[in-house]
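A.B. asks: what follows is a protein structure lacking sequence information:
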């Protein structure tokens, strides 16, 4: 017999209260036809229902989550932070399997049903991070979907041996090719980009590149990415994370870049940083560039911030973009749901009949209010099963 | 007999666990000498203790808190927002007494023990806002300290009759003279500033002026404020809220202004806006300029954001200023505690013996972690009495 869950008295996307029938992990019926004999019923008490939150950029492997507070002492430069992190990893004996489960569990509690995690690959850690996160995601496969980006955090060409490790990480099953600041870190933009595009072609995998480079330097790297996307016919296969340069002072240049990104169907992932230039969510959306949201690191060597809460991220997207009107706030939430789903290429995502039943049920008058209040009482459904109640994952060790 | 409260097993500012004895509303003893016969004991279970959070810039009188969600439809311009707000006030029958109690209660639950509220004075509302907030603060005087700024939200000189109302608001007992964008709103910077400085001199009250003006226009207004402060010997009596212009592109000019502010002991209040230029907390602090934090409007016509939580504001101050090191995050918290106390001129504020027992007790390993986690479980003490438990005010209607 089919596994069924009947969610009664729930308001999808803040609309009228209705019933939603889930069967075999998918939304089978909404409204009058939903009430099915024998289905387990869950009374949502008039709560909102939104699709599962999508964490489109994080680093599960190196969070300190659950390890107590770790003092932050790293200096401000990128290289200092990279060095501090490698030292922390050794000294604290960070276990990627354990840590990724802890942070993923926290994220699930907050309503995240899909995670794209960049996972460090370098000549010191080798493939241990990739293997750890892979072991975790196998155990948690009924709880959350995790996609792995093989990520050269310490540089690719500047650290000989890393490219070969990245190749092996892809052979092992990492779904996405990572990259990092081809000018600022690797000092060889052509070499860096040629290498990751070659890996992408070799394995038929998409690319998601960290681009922190600002202003004209970042724009130059972005241009080189656009050229390769065009030349290799890789439209729709490339994501650029951060893309700080799109907030550059030369707004005409930024505008031209955004139009080119739209044409090549390159997507963006933003944390909506308050202390940096950043892509304008409205400008990108109006130009047709898909933009997703991410927490980036949560409680790690880079970043002491974060509760792994993509509803809070939606608030931060709103604040960063000066969104105040209801429809603007709803767009901020879209970035953290549908935007992420598009960047990750998730099939059957959403609240319609036929979509996977990856859902968050939470109190709130409407979507905008949910972003503002970020209530703790969230029930999370993954493929039709309740995986978190009251903001806490069910049956996972912390 | 003296009223006593013994707070056992608590860690002031994240230090070693100790006992704190409160007597007649003040901290009477810390450590071995604290245990007093007969005192009511509260076991803090090893939680942190911080001084009461200080909300140094909000608008209690016009929040929609507790009135259900109000759609945000105002356009982006300042004038449009001002017009929308006056219309909302009429149509929604916003009651300043009721609304200020609702929002103040929410803030107390989150740990705020002192509030500086700007209260609208204009030719439409007259003094009803001032009178409403005054009635509320009299009722809540044992729960939270509220300071009132008589604030010409709709303009001062552009709206004849407002200056006279401001004068009456001060005669009624408003503690602070408000002002607003002397160029951008009032179109007469000399006239506006001369008028509010004259009121300040007439009543011997400090000034807190909203300065949203950016770049060189804001710097010009700031220069005019500096000139008057110097000429009238009003050092230490002037606060500038927002001061967006201090994030202007001409960093040398901003630097010169900051040095002048330090010399005239002019203080700043920031919301740490993610979507605007803003004063650098580190630059101001290093130059000796006191800077406080505020929520600004919470759920009102201007701003749909906010839970009235100054611990969240500390996080936003940290994010806006790219604070990551522990001591930087502690500075962000200082802005929302000691910084606000200095701007408001609060006597005997802090965690030492002799200070008023205005305290927040909350879980957390240390101060930085408290800012990151912003736990809901907060116990709030006002003048030695518990006024909120688990983040909810005790004995106040919502």
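C.D. replies: Perfect, thanks for sending it. For clarity, every value in this text was computed on a predicted model and none was experimentally measured.

A.B. asks: quick one: buried residues of the strand or helix carrying residue A:334?
C.D. replies: If you go by DSSP states H and E, residue A:334 is part of helix A:326-334. Of all the residues in helix A:326-334, those buried under the rule 16 or more other C-beta atoms under 10 Å in any protein chain shown are A:326, A:328-334. C-beta: built from backbone N, CA, C; applies to glycine.

A.B. asks: which outside residues touch it?
C.D. replies: A:50, A:281-282, A:285, A:311, A:314-315, A:317-318, A:321, A:323, A:366-368, A:370-372, B:71-73, B:304 (C-beta atoms under 8 Å, 6 or more residues apart in numbering or on different chains).

A.B. asks: what's the ChimeraX line that selects buried ones from these?
C.D. replies: This is the ChimeraX syntax for the buried subset of these, where burial follows 16+ other C-beta under 10 Å:
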select /A:50,281,285,311,314,315,317,318,321,323,366,367,368,370,371,372 /B:72,304
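
A.B. asks: can you list which of the contacts of helix A:326-334 are found in helices?
C.D. replies: A:281-282, A:285, A:311, A:314-315, A:317-318, A:367-368, A:370-372 (DSSP state H).

A.B. asks: quick one: strands adjacent to the helix or strand where residue A:360 lies?
C.D. replies: Using DSSP H and E, the element containing residue A:360 is strand A:359-362. For strand A:359-362, the paired strands and their directions (DSSP bridges) read strand A:48-51 (antiparallel), strand A:379-382 (antiparallel).

A.B. asks: list the contacts of residue A:302.
C.D. replies: Residue A:302 touches A:59, A:74, A:81, A:85, A:296, B:324, counting by C-beta under 8 Å, 6+ apart.

A.B. asks: give me the distance from stretch A:144-160 to the chain's centre.
C.D. replies: Distance of stretch A:144-160 from the chain centroid (C-alpha atoms, centre = their mean, to the nearest Å) equals 15 Å.

A.B. asks: one more: stretch A:187-201?
C.D. replies: 23 Å.

A.B. asks: next one: stretch A:211-218
C.D. replies: The answer for stretch A:211-218 is 21 Å, by C-alpha atoms, centre = their mean.

A.B. asks: would you mark the buried spots in that stretch?
C.D. replies: A:211-215, A:217-218.

A.B. asks: out of those, which sit inside strands?
C.D. replies: residue A:211 (DSSP state E).

A.B. asks: what is the nearest of the buried residues of stretch A:211-218 to residue B:206?
C.D. replies: residue A:214 (40.4 Å; C-beta to C-beta).

A.B. asks: residue B:203 versus the closest one, what's the distance?
C.D. replies: Distance, residue A:214 to residue B:203, by C-beta to C-beta, to the nearest Å: 49 Å.

A.B. asks: and what of residue A:359?
C.D. replies: Applying C-beta to C-beta to residue A:359 and residue B:203 gives a distance of 58 Å.

A.B. asks: same question, residue A:200
C.D. replies: 70 Å.

A.B. asks: look at these two and report which has more neighbours.
C.D. replies: Taking neighbours as other C-beta atoms under 10 Å in any protein chain shown, residue A:200 and residue B:203 compare with residue A:200 leading, 21 against 17.

A.B. asks: which strand or helix spans the more buried one?
C.D. replies: Judged by DSSP H and E, residue A:200 forms part of helix A:189-203.

A.B. asks: could you do residue A:364 as well?
C.D. replies: Per DSSP H and E, there is no helix or strand for residue A:364.

A.B. asks: go ahead and confirm it touches residue A:14.
C.D. replies: Yes - using C-beta atoms under 8 Å, residue A:364 is in contact with residue A:14, at 7.4 Å.

A.B. asks: for the two, list the residues in contact with both.
C.D. replies: A:48, A:370.

A.B. asks: buried sites along the helix holding residue A:200?
C.D. replies: A:189, A:192-193, A:195-197, A:199-200, A:203.

A.B. asks: redo these as JSON lines? Include pLDDT.
C.D. replies: Shown next, in JSON lines, are those (pLDDT from 0 to 100):
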{"residue": "A:189", "pLDDT": "98"}
{"residue": "A:192", "pLDDT": "98"}
{"residue": "A:193", "pLDDT": "98"}
{"residue": "A:195", "pLDDT": "98"}
{"residue": "A:196", "pLDDT": "98"}
{"residue": "A:197", "pLDDT": "98"}
{"residue": "A:199", "pLDDT": "98"}
{"residue": "A:200", "pLDDT": "98"}
{"residue": "A:203", "pLDDT": "98"}
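
A.B. asks: same list, the residues you listed, but only the ones touching chain B.
C.D. replies: Counting by C-beta under 8 Å from any C-beta of the partner chain, nothing from these sits close to chain B.

A.B. asks: C-terminal to the helix or strand of chain A with the lowest mean pLDDT, what's the next element?
C.D. replies: Sorting the helices and strands of chain A by mean pLDDT, DSSP states H and E puts helix A:78-91 at the bottom, at a mean of 83. Downstream of helix A:78-91, the first helix or strand assigned by DSSP H and E is helix A:96-109.

A.B. asks: so the residue minimising distance to the centre of chain A versus chain B, what's the distance?
C.D. replies: Nearest residue to the geometric centre of chain A (C-alpha atoms, centre = their mean): residue A:56, 1.2 Å. Per C-beta to the nearest C-beta, to the nearest Å, residue A:56 is found 19 Å from chain B.

A.B. asks: what's the answer for residue A:102, then?
C.D. replies: Applying C-beta to the nearest C-beta to residue A:102 and chain B gives a distance of 14 Å.

A.B. asks: near chain B, which residues of the stretch 151-300 of chain A?
C.D. replies: A:272-276, A:299.

A.B. asks: among those residues, which pair sits farthest apart?
C.D. replies: A:276 and A:299 (19.8 Å).

A.B. asks: what pLDDT does residue A:36 get?
C.D. replies: The model reports residue A:36 with a pLDDT of 70.

A.B. asks: nearest spatial neighbour of it, skipping sequence neighbours?
C.D. replies: residue A:21 (5.5 Å; C-beta to C-beta, 6 or more residues apart in numbering or on different chains).

A.B. asks: low-scoring stretches of chain A, by residue?
C.D. replies: Scanning chain A for pLDDT under 70 picks out A:1, A:37, A:397-398.

A.B. asks: now do the phi/psi pair for the residue nearest to residue A:280 when sequence neighbours are not counted.
C.D. replies: Using C-beta to C-beta, 6+ apart and skipping the chain neighbours, the partner closest in space to residue A:280 is residue A:321 (6.5 Å). In terms of degrees, to the nearest 10, the main-chain angles of residue A:321 are phi -100, psi 10.

A.B. asks: what residues are up against residue A:321?
C.D. replies: With C-beta under 8 Å, 6+ apart, residue A:321 has these contacts: A:272, A:280-282, A:328, A:332, B:275.
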